[in-house]
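Asker: 3D, please:
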Amino acid sequence: MTGLDQTTVDAALISVTDPALGENIVDLGYVRSVRTDGSGAIQIDLRLPSEDYPPAAAILQEVRAQVAVATGAKNMEIKLVRDGLWTPYDMSDRIKVVLGLPSVEPPPPAMPRSGSGIDRLIKGLMRRISIR
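Answerer: Next comes the predicted model:
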């Protein structure tokens, strides 16, 4: 056994890349949590971009292999969690810079107020459609 500490597990996870994107799963924001205990058990929670993400099986297999080699752990649980949607803003700042994304997720666009020009335009178009 090489070592069962957080640093060793984190280093192993950084060596796992998403084959579709060519970046490591830590920088992509896929790793939600890593827990180790004194008995040698490791639990890793991952959140992938979608429930049916095509490279999911390859990523899980590589996580298991890399962590096992780095730590020697035999008791390992890897779970795909659904605690919210993955977004590009879960990625590290390094990758956001490469993709040209701001480091903070922008607020959603404001909805037009009732009675605004857009609202009147839509109502006018709806009246024209119903007249014909």
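Asker: my guess is Ala58 contacts Pro19. True?
Answerer: Yes - Ala58 is within contact range of Pro19, at 5.6 Å (criterion: CB atoms under 8 Å). Any C-beta I mention is one placed from the backbone N, CA and C, and that applies to glycine too.
Asker: out of these two, which sits in the busier spot?
Answerer: Ala58 (14 against 11; other CB atoms under 10 Å).
Asker: my read is that one is in a helix, agree?
Answerer: Yes - the assignment for Ala58 is a helix, going by DSSP: H, G, I helix; E, B strand; the rest coil.
Asker: for it, give its distance to Trp86.
Answerer: Taking CB to CB, to the nearest Å as the measure, Ala58 falls 17 Å from Trp86.
Asker: Arg35 now?
Answerer: Taken as CB to CB, the span from Arg35 to Trp86 is 20 Å.
Asker: same deal with Ile44?
Answerer: 16 Å.
Asker: on that earlier part again, which one's more surrounded, Arg35 and Trp86?
Answerer: Taking other CB under 10 Å, Arg35 and Trp86 do not tie; Trp86 has more neighbours (19 against 12).
Asker: surely that one meets Leu46?
Answerer: No - assessed by CB under 8 Å, Trp86 is found out of contact with Leu46, at 9.7 Å.
Asker: does Met76 fall in a helix, a strand, or a coil region?
Answerer: Once three-state DSSP is applied, Met76 turns out strand.
Asker: any idea which helix or strand in the chain has the lowest mean pLDDT?
Answerer: Scoring the helices and strands of the chain by mean pLDDT, DSSP states H and E places helix 117-131 at the bottom, with a mean of 71.
Asker: quick one: stretch 60-70 to chain centroid distance?
Answerer: Computed by CA atoms, centre = their mean, to the nearest Å, the chain-centroid distance of stretch 60-70 equals 19 Å.
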